[in-house]
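Trainee: just to be clear, the model below is a prediction. Sequence and coordinates:
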Amino acid sequence: MPELPEIESIRRALERSIVGQRIESATIGPHDMRARGAGRAAGKPRPGRTWASARELLVDGRVASLERRGKQLAIVADDGRALVVQLGMSGQLLVTRDAPATHRHVTWSLAGRGARLLVFRDPRRFGGIVPHEYVQAMRQCWDRELGPDGLDARHAPIDRLREGTRHVKAALLDQSLVAGIGNIYADEALHAAGIRPTRRCNRLSRDEAARVLAESRRIMRGSVSRGGTSLRDHVLPEGDPGSARRLILAYGRSGLPCHGCGLPMKGGRVAGRSTTWCTKCQR
DNA sequence: CAGGTATCCTGTCCGC
DNA sequence: TGCGGACAGGATACCT
């Protein structure tokens, strides 16, 4: 479900609604949930179900900040504990008074007025959580495993994108190269930059590599300012679906006219993912 | 070893 | 209306 703009929109909404709140308690379940996301290897092995302790779930802490890099989102407590929440394909973080009936994995009780709940809900269970005793250790994991954030223009990995023989789309989806681009924004960036997703990285000119990264930033920034893209089930913590859908000009439009030239767009599979592009506008 | 593919899940949609 | 199959925005274990 979520890519960088959706997760940044969720981060901003949580920043407004839960920073300063004390976490009174947390419960896991009822379903199985795994450790997923950057920093996973740094922790203990994480088998199944109720492995996370109250301490790891930030109980008795006060929410100090929400940090994001790429698609990783972390709740940081005032004593330095951090919990990374990886939303996977279908994960949601909700702030509500009534716990959703289905697919709840972690439910936090927030102290204070109204006794609200923060809920990690994830129907497909591709998501997970990774606890860190100290936020500094979490940042080290992120530095080790993730490329620069996809919104960061100053560290755009232009030359690294030109390395190797894989398809450029596969490289854009590689979180260790640039963090945050997913299947939708990869197609959008390649379409806007006029580059075919099957182009090999080492056949990109420097200008083309710079262009596709710049387009990905431009499109993702626009999406963030509209609260993210709701194609299926993206929701902000208070239930708003976001309104960036009309920024999506390529993804999922196979057979429909290209916004550039009007010819029907081509659909197929690239890097194991469904992919849409224009055979005329993208070379 | 870089790169492709199968796999973890549930929900939804489409054709019969 | 019901049912089977395809497919879904992510990440990774495991092949080649």
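Mentor: The structure has been received and is ready for your questions. If you're wondering where the values come from, they're calculated on a predicted model, not measured in any experiment.

Trainee: DNA strand C contacts on chain A?
Mentor: For chain A, the residues in contact with DNA strand C (C-beta under 7 Å from any atom of the strand) are A:1-3, A:6, A:36-38, A:40, A:70-71, A:86, A:88-89, A:124, A:126, A:173, A:175, A:182-184, A:228-234, A:272-274. The way it works is simple: take the backbone N, C-alpha and C, and place the C-beta from them, glycine included.

Trainee: out of those, which are buried?
Mentor: A:1-3, A:6, A:36-38, A:40, A:70-71, A:86, A:88, A:173, A:175, A:182-184, A:228-231, A:234 (16 or more other C-beta atoms under 10 Å).

Trainee: send me stretch A:82-90 as CSV with only the CA atoms.
Mentor: Taking C-alpha atoms only, stretch A:82-90 is exported to CSV below (Å, rounded to 0.1, in the frame of the first residue of the first chain):
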residue,chain,number,x,y,z
ALA,A,82,12.4,3.7,19.3
LEU,A,83,9.9,1.4,17.6
VAL,A,84,10.1,1.1,13.8
VAL,A,85,6.8,0.3,12.1
GLN,A,86,7.1,-1.2,8.7
LEU,A,87,3.7,-0.9,7.0
GLY,A,88,4.3,-3.4,4.2
MET,A,89,1.6,-3.6,1.6
SER,A,90,-1.5,-3.1,3.6
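
Trainee: so where is the stretch 1-150 of chain A shaky, pLDDT-wise?
Mentor: Scanning the stretch 1-150 of chain A for pLDDT under 70 picks out the ranges A:1, A:32, A:37-50.

Trainee: repeat that for 50
Mentor: Low-confidence segments of the stretch 1-150 of chain A, defined by pLDDT under 50: A:41-45, A:47.

Trainee: show me what contacts the residue of it found nearest DNA strand B?
Mentor: Nearest residue of the stretch 1-150 of chain A to DNA strand B: residue A:124, at 3.4 Å (C-beta to the nearest atom of the strand). Residues near residue A:124 by C-beta atoms under 8 Å, 6 or more residues apart in numbering: A:88, A:89, A:90.

Trainee: which of the residues of chain A next to DNA strand C fall within helices?
Mentor: A:6, A:173, A:183, A:184 (DSSP state H).

Trainee: burial measure for residue A:56, as a count.
Mentor: The tally of other residues near residue A:56 (other C-beta atoms under 10 Å) stands at 18.

Trainee: now do the contacts for the nearest residue to it once chain neighbours are set aside.
Mentor: Nearest residue to residue A:56, sequence neighbours excluded (C-beta to C-beta, 6 or more residues apart in numbering): residue A:131, at 3.6 Å. When contacts are counted by C-beta under 8 Å, 6+ apart, residue A:131 touches A:43, A:52, A:56, A:57, A:81, A:82, A:83, A:84.

Trainee: as TSV, the contacts of residue A:124 with distance to residue A:111 would be great.
Mentor: Below are these laid out as TSV (distance: C-beta to C-beta, whole Å):
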residue	distance to residue A:111
A:88	29
A:89	32
A:90	29
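
Trainee: thinking again about what came up before, which ones among the contacts of residue A:131 are found in strands?
Mentor: In this view, these that belong to strands under DSSP state E are A:82, A:83, A:84.

Trainee: of these, closest to DNA strand C?
Mentor: The closest of these, once distances to DNA strand C are taken by C-beta to the nearest atom of the strand, is residue A:84, at 10.7 Å.

Trainee: can you classify the closest residue in space to the closest one that isn't next to it in sequence by secondary structure?
Mentor: Among residues not flanking residue A:84 along the chain, residue A:130 sits closest, at 4.3 Å (C-beta to C-beta, 6+ apart). Assigned with DSSP: H, G, I helix; E, B strand; the rest coil, residue A:130 falls in the strand class.
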